[in-house]
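K.L.:
heads up, no residue letters with this:
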């Protein structure tokens, strides 16, 4: 892991690697702090310190995006491939608080979970960069994003449902619901809120997308194994061929 990380930072991406590692660490800090506050029942979005930390993290994200955009050779291609990152890097909560805009409680809560999406997106990108094989990178990145989505959805589901849904007593119930939905098996816990129902559909869709990606990954492994076997047999055949003496 150390060699892979050093290769990622110094050889593959250079200064970009350092910027993205800092992004990953900041994202993980946000995810951990929001998770702890959620488990303790503390509304993290009402804390002034959380809003300040989030603002500075978003500023760093935007700085990274602008820097890479101006240094990119193909700017429109970079903008298309990093458009999602730009969307999650905008400090929506701070902008809304500054102008005093008001939305419905559910929309406001989903906007406040954008830092979690930001952390999951950055985590999937970095994990993908640490892998060399293209199929493996796709599989690992999607698996990481899938697990992150399951975790973040369970957090949102717990906060939204535990007061109005009698079947959601603790966070374990929300986590069980998320895993059962993503496996398309279904859970005995039925969402009551609109956001919970939308998350049920999203998790089921992500779960169904996992099967073709897993198939591509396994097929790639089998092909690589067969290529290595064929190469080994060819080497053995070449070594066993008798050498004809020259006259």
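P.N.:
Yep, that arrived. Here the structure is a predicted model, which means the values were calculated and not measured.
K.L.:
any idea what residue 168 is structurally, helix, strand or coil?
P.N.:
Secondary structure assignment for residue 168 (DSSP: H, G, I helix; E, B strand; the rest coil): coil.
K.L.:
I figured it hits residue 159, correct?
P.N.:
No. Taking contacts as Cβ atoms under 8 Å, residue 168 lies outside contact range of residue 159: 9.9 Å. The C-beta positions use only the backbone N, C-alpha and C, and glycine is treated the same way.
K.L.:
more neighbours, those two?
P.N.:
residue 168 (23 against 19; other Cβ atoms under 10 Å).
K.L.:
Next, that one: phi, psi?
P.N.:
Backbone torsions of residue 168, given as degrees, to the nearest 10, read phi -100, psi 90.
K.L.:
got it, and the one 10 residues further on?
P.N.:
Note on residue 178: backbone dihedrals following degrees, to the nearest 10 are phi -70, psi -40.
K.L.:
Give me the pLDDT for the nearest residue to it once chain neighbours are set aside.
P.N.:
The spatially closest residue to residue 178, leaving aside those adjacent along the chain, is residue 154, at 4.0 Å (Cβ to Cβ, 6 or more residues apart in numbering). The model reports residue 154 with a pLDDT of 86.
K.L.:
Okay, buried residues for the helix or strand encompassing residue 173 please.
P.N.:
With elements delineated by DSSP states H and E, residue 173 resides in helix 171-182, which encompasses its position. Using 16 or more other Cβ atoms under 10 Å as the burial criterion, the residues of helix 171-182 that qualify are 171, 173, 174, 175, 176, 177, 178, 179, 180, 181, 182.
K.L.:
How is this protein divided into domains?
P.N.:
Domains of the chain are assigned by automatic domain parsing as 1-130, 133-234.
K.L.:
sorry, back to before: by contact count, what packs against the very next helix or strand once past the helix holding residue 173?
P.N.:
Remark: after helix 171-182, the chain's next helix or strand is helix 194-240, criterion DSSP H and E. Based on contacts counted as 3 or more Cβ pairs under 8 Å, 6 or more residues apart in numbering; DSSP states H and E, the elements that helix 194-240 packs against are helix 105-112, helix 134-161, helix 171-182.
K.L.:
and helix 194-240, average pLDDT?
P.N.:
For helix 194-240, the per-residue pLDDT averages 80.
K.L.:
Can you pull out the low-pLDDT segments for this structure?
P.N.:
The chain contains residues with pLDDT under 70 at 1-17, 40-48, 105-106, 109-110, 112-113, 115-138, 141, 239-247.
K.L.:
If we use 90, what do you get?
P.N.:
Low-confidence segments of the chain (pLDDT under 90): 1-176, 179-247.
K.L.:
so can I have a markdown table of the helices and strands packed on helix 194-240 showing distance to residue 94?
P.N.:
Conversion of the helices and strands packed on helix 194-240 to a markdown table gives the following (distance: least, Cβ to Cβ, whole Å):
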| stretch | distance to residue 94 |
| --- | --- |
| helix 105-112 | 11 |
| helix 134-161 | 20 |
| helix 171-182 | 28 |
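K.L.:
which one of the ones you listed lies closest to residue 80?
P.N.:
If you check each of these against residue 80 by Cβ to Cβ, helix 134-161 wins as the nearest, at 17.7 Å.
K.L.:
buried ones in stretch 65-82?
P.N.:
Neighbour counts over stretch 65-82 (16+ other Cβ under 10 Å) mark 65, 68, 78, 82 as buried.
K.L.:
so the second one sits right up against residue 77, yeah?
P.N.:
No. With contacts counted by Cβ under 8 Å, residue 68 stays clear of residue 77, the gap being 11.9 Å.
K.L.:
which parts of stretch 89-109 are buried?
P.N.:
Under the neighbour-count criterion of 16+ other Cβ under 10 Å, stretch 89-109 has 89, 91, 92, 93, 109 buried.
K.L.:
what sits against the third one?
P.N.:
It stands for residue 92. Contact criterion Cβ atoms under 8 Å, 6 or more residues apart in numbering gives 111, 114 as the residues in contact with residue 92.
K.L.:
Appreciated, that's everything.
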